[in-house]
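In: Here you go, sequence then predicted model.
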Amino acid sequence: MASIAPKSFIGLRQASAEKPHFTIQAKPISLNPSIHRRLQVNAAKTSPKVTGRNLRVAVVGGGPAGGSAAETLAKGGIETFLIERKMDNCKPCGGAIPLCMVGEFDLPLDIIDRRVTKMKMISPSNVAVDIGQTLKPHEYIGMARREVLDQYLRNRASENGATVINGLFLKMEKPGDGEAPYVLHYTEYDGKVGGAGVKKNLEVDAVIGADGANSRVAKSIDAGDYEYAIAFQERIKIPDDKMVYYENLAEMYVGDDVSPDFYGWVFPQCDHVPVGTGTVTPQGNFKKFQLATRNRSKDKILGGKFLRVEAHPIPEHPRPRRLAGRVALVGDAAGYVTKCSGEGFYFAPKIIRMCAEPIVEGSENGKRMVNEADLRKYLEKWDKTYWPTYKVLDVLQKVFYRSNPAREAFVEMCADEYVQKMTFDSYLYKRVVPGNPWEDLKLAVNTIGSLVRANALRREMEKLNV
Ligand SMILES: Cc1cc2nc3c(=O)[nH]c(=O)nc-3n(C[C@H](O)[C@H](O)[C@H](O)COP(=O)(O)OP(=O)(O)OC[C@H]3O[C@@H](n4cnc5c(N)ncnc54)[C@H](O)[C@@H]3O)c2cc1C
């Protein structure tokens with residue numbers, strides 16, 4: 001295949017040395033004090049006291065959601081059990097974490113292998129737009145290895161008093177009456193490779209399902225299914241001189257060739273680059289899409305050696321049911337992955353706090369029984385906080401990822417400094433940044449212009465039967 005060199009984007013609005021005439025009130029990141037103190041609750045409750053022990057909660061799944069849940073619960077005085085089937089699990093993942101996660105979850109900086117400060121957004125016709133010019137010197141997207149991050153969070157949960165079990169959760173017996181325990185069945189492993197494990201039971205008062213996209217806890221409570229994208233990626237070790245290019249740079253490719261409804265990527269990881277793509281389309285032709293992603297980045301990954309090939313579902317929307325009795329789903333198990341970007345890393349632990357804190361509060365630090373109403377507070381908070389963002393990103397994905405002309409328009413928009421600033425600030429700090437009305441108006445006009453051009457282009461392409 002002929003090599004394809006990305007063209008630079010010229011047009012719309014060029015980067016200039018001119019000072020932006022809007023101000024962004026980026027809150028300085030500070031360590032969340034709640035990490036350092038035990039949650040103290042003095043609410044008056046009528047639920048029965050648990051006697052001779054504290055409230056017992058099992059967290060199934062030791063990814064970012066499960067590790068954070070176990071830590072929050074254990075700190076809050078709950079007798080916590082964290083069940084993880086594979087202690088060295090290296091989940092297929094790009095590994096990109098937003099800056100605010102580092103501060104908010106008090107992550108040590110050595111967990112970050114690489115700091116991405118530049119991104120290239122590459123259109124179907126190979127126009128490349130550089131993103132990142134608006135970043136401040138201390139701002140970056142952190143790249144972490146999942147096996148390192150997940151292990152770190154589980155260890156922290158353990159240091160705070162959680163019992164970490166290397167076990168495969170199998171099924172759950174629901175209580176017959178109000179306050180009876182849930183009985184979890186699992187196979188415990190002793191860490192030896194190839195060991196068959198020992199079947200065990202565990203009685204608990206509440207369960208958090210953080211066992212990812214193929215959640216067995218979700219099945220146990222008939223949570224219903226969600227649509228999902230399948231993400232496919234190859235981890236490729238490229239020669240050192242090629243790695244220099246990806247030192248602090250990530251690439252995103254859009255186009256019918258790489259995915260009919262998502263994007264392709266090359267991200268820098270510790271010592272390699274994951275090259276991947278995803279699609280929601282059933283029976284999507286992964287091989288074809290993956291080959292196209294590899295071909296588009298061909299010159300830059302030439303001479304690379306495959307380390308690992310992997311695929312995993314990414315939920316497209318929350319499950320119909322995320323709570324039943326004293327069982328709540330969180331993270332990918334609940335279906336909390338943002339549209340457009342496919343991110344769940346930050347949201348998994350963030351939302352888990354929303355879920356774990358009401359349990360700590362509702363139980364008065366483990367002294368009382370909790371009920372569905374205590375857990376429901378988390379759903380109400382999630383829906384209020386994230387549902388609007390989820391819907392906006394859903395619409396954006398549908399508008400901009402579905403045809404090549406629309407993707408060209410999307411990349412064109414990304415060249416706009418204002419768009420870059422707003423997008424990066426929203427990504428890094430996970431909050432909607434107040435805009436500038438004049439810039440917003442110009443952006444709206446430009447967006448409409450881009451989409452009109454995109455539609456005109458689509459008609460021309462249809463005429464040509466492309
Ligand atoms: C290819 C790909 C790239 C991605 N890139 C990014 C990215 O760059 N940034 C980002 O923010 N998000 C990314 N995501 C999404 C992100 O990986 C997930 O949203 C995130 O991992 C969700 O965390 P979680 O803890 O809910 O679930 P998971 O990380 O899936 O963790 C679930 C855990 O449960 C364990 N488990 C499962 N079943 C059982 C069982 N029966 N018993 C015991 N343990 C069990 C698993 O071993 C696992 O450790 C990506 C996803 C994919 C597929």
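Out: Looks like it arrived, so ask away. Numbers count the residues shown, from 1 in each chain.
In: pLDDT-wise, which helix or strand of this structure ranks last?
Out: Using mean pLDDT, DSSP states H and E, strand 7-8 stands out as the lowest-scoring helix or strand of the chain, at a mean of 52.
In: And the next helix or strand past that one?
Out: Secondary structure here is assigned by DSSP states H and E; on that basis, the next helix or strand after strand 7-8 toward the C-terminus is strand 56-60.
In: Show me what that next one is packed up against.
Out: Under the contact definition 3 or more CB pairs under 8 Å, 6 or more residues apart in numbering; DSSP states H and E, strand 56-60 sits against helix 64-75, strand 79-84, strand 182-188, strand 198-204, strand 206-209. The way it works is simple: take the backbone N, C-alpha and C, and place the C-beta from them, glycine included.
In: Need the nearest residue in space to the residue in the stretch 51-200 of the chain that the ligand sits nearest to, chain neighbours excluded.
Out: Each residue of the stretch 51-200 of the chain has a distance to the ligand, by CB to the nearest ligand atom, and the smallest belongs to residue 63, at 2.2 Å. Computed as CB to CB, 6 or more residues apart in numbering, the closest residue to residue 63 that is not its neighbour in sequence is residue 150, at 5.6 Å.
In: Mind telling me which residue is nearest the centre of the protein?
Out: Using CA atoms, centre = their mean, the residue of the chain that lies closest to the mean C-alpha position is residue 344, 1.4 Å off.
In: show me the contacts for that one.
Out: 314-315, 331-332, 336-338 (CB atoms under 8 Å, 6 or more residues apart in numbering).
In: Show me the one in the residues you listed that has more neighbours than the rest.
Out: residue 331 (32 neighbours; other CB atoms under 10 Å).
In: Please report how far the nearest residue to it once chain neighbours are set aside lies from residue 336.
Out: Nearest residue to residue 331, sequence neighbours excluded (CB to CB, 6+ apart): residue 65, at 3.0 Å. For residue 65, the distance to residue 336 equals 9 Å [CB to CB, to the nearest Å].
In: joint contacts of those two?
Out: Residues touching both residue 65 and residue 336 by CB under 8 Å, 6+ apart: 330, 348, 351.
In: ok, which residues in the stretch 201-350 of the chain are in contact with the ligand?
Out: 210-212, 216, 231, 233, 276, 312, 314, 331-333, 337, 342-346, 348 (CB under 6 Å from any ligand atom).
In: Would you pull up the residue in the stretch 351-466 of the chain closest to the ligand?
Out: Nearest to the ligand in the stretch 351-466 of the chain, going by CB to the nearest ligand atom, is residue 352, at a distance of 8.1 Å.
In: in the stretch 201-350 of the chain, which spans are strands?
Out: According to DSSP state E, counting those that start in this stretch, the stretch 201-350 of the chain carries its strands in the segments 206-209, 228-237, 249-253, 264-266, 273-279, 305-315, 323-324, 327-329.
In: hang on, the earlier thing: what sits against the residue nearest to residue 331?
Out: When contacts are counted by CB under 8 Å, 6+ apart, residue 65 is found next to 210, 330-333, 348-349, 351-352.
In: 6 Å instead, please
Out: Under the criterion of CB atoms under 6 Å, 6 or more residues apart in numbering, the neighbours of residue 65 are 210, 330-331, 348, 352.
In: Could you give the bridge partners of the closest residue to residue 181 other than its chain neighbours?
Out: When the adjacent residues along the chain are set aside, residue 181 lies closest to residue 203, with 4.0 Å between them (CB to CB, 6+ apart). Residue 203 has these beta-bridge partners by DSSP bridges: residue 183.
In: What score does the residue of the stretch 51-200 of the chain closest to the ligand have for pLDDT?
Out: Residue 63 carries a pLDDT score of 95 in this model.
In: quick one: it from residue 70, how far?
Out: 11 Å.
In: pLDDT below threshold where in this structure?
Out: Scanning the chain for pLDDT under 70 picks out the ranges 1-45, 193-194, 282-284, 431-466.
In: Which segments of it make up each domain?
Out: According to automatic domain parsing, the chain is divided into the following domains: 7-28+115-140+228-313+402-463, 49-95+145-226+317-391.
In: out of those, nearest to residue 109?
Out: Smallest distance to residue 109 across the domains of the chain (CB to CB): 9.7 Å, for domain 7-28+115-140+228-313+402-463.
In: now the closest one: how far from the chain's centre is it?
Out: Taking CA atoms, centre = their mean, to the nearest Å, one finds the center of domain 7-28+115-140+228-313+402-463 at 17 Å from the center of the full chain.
In: Repeat that for stretch 161-178.
Out: In terms of CA atoms, centre = their mean, the centre of stretch 161-178 is found 25 Å from the chain centre.
In: now do stretch 373-390
Out: Centroid separation between stretch 373-390 and its chain, computed with CA atoms, centre = their mean, is 17 Å.
In: Give the buried residues for it.
Out: Counting neighbours by 16 or more other CB atoms under 10 Å, one finds that the buried residues in stretch 373-390 are 374-375, 377-379, 381-382, 386, 389-390.
In: As JSON lines, the residues you listed with distance to residue 50 and secondary structure would be great.
Out: Output for the buried residues of stretch 373-390, formatted as JSON lines (distance: CB to CB, whole Å; DSSP: H, G, I helix; E, B strand; the rest coil):
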{"residue": "374", "distance to residue 50": "14", "secondary structure": "helix"}
{"residue": "375", "distance to residue 50": "16", "secondary structure": "helix"}
{"residue": "377", "distance to residue 50": "20", "secondary structure": "helix"}
{"residue": "378", "distance to residue 50": "21", "secondary structure": "helix"}
{"residue": "379", "distance to residue 50": "24", "secondary structure": "helix"}
{"residue": "381", "distance to residue 50": "25", "secondary structure": "helix"}
{"residue": "382", "distance to residue 50": "27", "secondary structure": "helix"}
{"residue": "386", "distance to residue 50": "32", "secondary structure": "helix"}
{"residue": "389", "distance to residue 50": "37", "secondary structure": "helix"}
{"residue": "390", "distance to residue 50": "36", "secondary structure": "helix"}
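In: I'd guessed residue 355 sits against residue 379; true?
Out: No. Contact criterion CB atoms under 6 Å: residue 355 and residue 379 do not qualify, at 8.5 Å.
In: still on that earlier bit, which SS class is the residue nearest to residue 63?
Out: For residue 150, the secondary structure call by DSSP: H, G, I helix; E, B strand; the rest coil comes out as helix.
In: That one: neighbouring residues, count only.
Out: 26.
In: so how far is residue 82 from it?
Out: Counting by CB to CB, the gap from residue 150 to residue 82 is 11 Å.
In: what's the answer for residue 253, then?
Out: Where residue 82 is concerned, residue 253 sits at a distance of 38 Å (CB to CB).
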